[in-house]
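**Q** Structure of the sequence below:
(one chain, ligands or ions: 1)
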Amino acid sequence: MVHSPPNLATVDMRIDDRQFAHLASLIQHHFGILLPPQKRPLLAQRMRRVVVDAGYSDFDAFFEAHFTRTPSIEILGRLIDRVSTNHTFFWREAEHLIHLRDVVLPEIVRGGKRDLRLWCAAAATGEEPWTLAMLVAGAVPTGWEAGILATDISARALATAQKGVYKTENVSRLPAALRDRWMVPGPDDTVRIADALRREVTWRRLNLIGASFPYKHPMDVVFCRNVMIYFDEPTRRDVVRRIAEVTRPGGWLFIGHSETLGRTDAVWRFERPGTYRRVG
Ligand SMILES: C[S@@+](CC[C@H](N)C(=O)[O-])C[C@H]1O[C@@H](n2cnc3c(N)ncnc32)[C@H](O)[C@@H]1O
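**A** Coordinates of the predicted model:
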């Protein structure tokens, strides 16, 4: 019998209850992301490419080969690349960005410490951290040191982010002044981030779940938006606590509009929706 090579159209992606429960528990354990049973079709659809690329024509054989013992870091990385939702867009939840530009950055600059650290902790494909970099670059006086750290668990999303090339229509929400200053027209209806801004951002793959964050210098501002919605409550609380450990007293935390900090997160004081300040 002749076997044709696995392909996306014919791969058998049936995932049974036991396999789904196993993957969901692995994903929650390693990445904090909850995968309720109704996400099984989504998981099957997103894993299709991983299964084919690994050379299998059915999920069953792929599962047996990779998940019946401790999975490799590599396969876990491919799994999270597919499972994570990287949806983001320029100028998302703009009130936060305007508050950063008009209130937070001027206050930091008035403080005169000549050094500013901002961390974007769920950078996805880069729209958010590049925007933050534009706002910081427009605010800090000459002679200041400004460090912007952009992290995400998904290597695939980070690769797109670092390229810094976007469809022109996708940047239309950005205020024109930012677009004109920091984006350079490219071929085929694209724009690319200007070189001057590229130098300002450091990209790292980082899992928000797990050990303390490895940052020596305290952050002035942390953006951690629209990622904790995927976490269960103890995980979310733990992430928020560890962010506080690396934020200076008085520093800011921005979370998504549909996210909240609970009463147990007393180290953060509510400033306005989605915006908190670290208690001293
Ligand atoms: C929906 S996007 C949000 C992007 C952006 N912050 C925004 O608000 O538009 C969520 C991002 O969180 C990342 N993510 C999910 N789980 C993570 C984890 N355990 N550690 C770090 N990043 C994670 C995903 O890879 C994805 O890029």
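**Q** which bits of the stretch 1-150 of the chain sit near the ligand?
**A** Counting by CB under 6 Å from any ligand atom, the residues of the stretch 1-150 of the chain close to the ligand are 31, 32, 33, 84, 85, 86, 87, 88, 92, 122, 124, 128. For every residue, glycine as well, the C-beta is placed using N, CA and C.
**Q** quick check, the fifth one in a helix?
**A** No: counting by DSSP: H, G, I helix; E, B strand; the rest coil, one finds residue 85 to be coil, located in no helix.
**Q** Count the neighbours of the residue lying closest to it once chain neighbours are set aside for me.
**A** Once flanking residues are discounted, residue 85 sits nearest to residue 230: 7.2 Å by CB to CB, 6 or more residues apart in numbering. Burial of residue 230 is recorded as 19 neighbouring residues (other CB atoms under 10 Å).
**Q** Can you show me the CA trace of the helix or strand bottoming out on mean pLDDT in the chain as PDB?
**A** Sorting the helices and strands of the chain by mean pLDDT, DSSP states H and E puts helix 73-83 at the bottom, at a mean of 91. Extracted C-alpha coordinates of helix 73-83, given in PDB (Å, rounded to 0.1, in the frame of the first residue of the first chain):
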ATOM      1  CA  ILE A  73      10.200  21.600  25.800                       C
ATOM      2  CA  GLU A  74      10.100  21.900  22.000                       C
ATOM      3  CA  ILE A  75       6.700  20.200  21.700                       C
ATOM      4  CA  LEU A  76       5.300  22.300  24.500                       C
ATOM      5  CA  GLY A  77       6.500  25.400  22.800                       C
ATOM      6  CA  ARG A  78       4.800  24.400  19.600                       C
ATOM      7  CA  LEU A  79       1.600  23.600  21.500                       C
ATOM      8  CA  ILE A  80       1.500  27.000  23.200                       C
ATOM      9  CA  ASP A  81       2.300  28.800  20.000                       C
ATOM     10  CA  ARG A  82      -0.900  27.300  18.600                       C
ATOM     11  CA  VAL A  83      -3.100  27.400  21.600                       C
END
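**Q** chain center to it: distance?
**A** Mean-position distance between helix 73-83 and its chain equals 15 Å (CA atoms, centre = their mean, to the nearest Å).
**Q** next SSE after that helix?
**A** helix 94-99 (DSSP states H and E).
**Q** And residue 197, how far from the ligand?
**A** Residue 197 sits 18 Å away from the ligand, going by CB to the nearest ligand atom, to the nearest Å.
**Q** likewise residue 162?
**A** Taking CB to the nearest ligand atom, one finds residue 162 at 13 Å from the ligand.
**Q** Give the rounded mean pLDDT of stretch 137-157.
**A** For stretch 137-157, mean pLDDT is 95.
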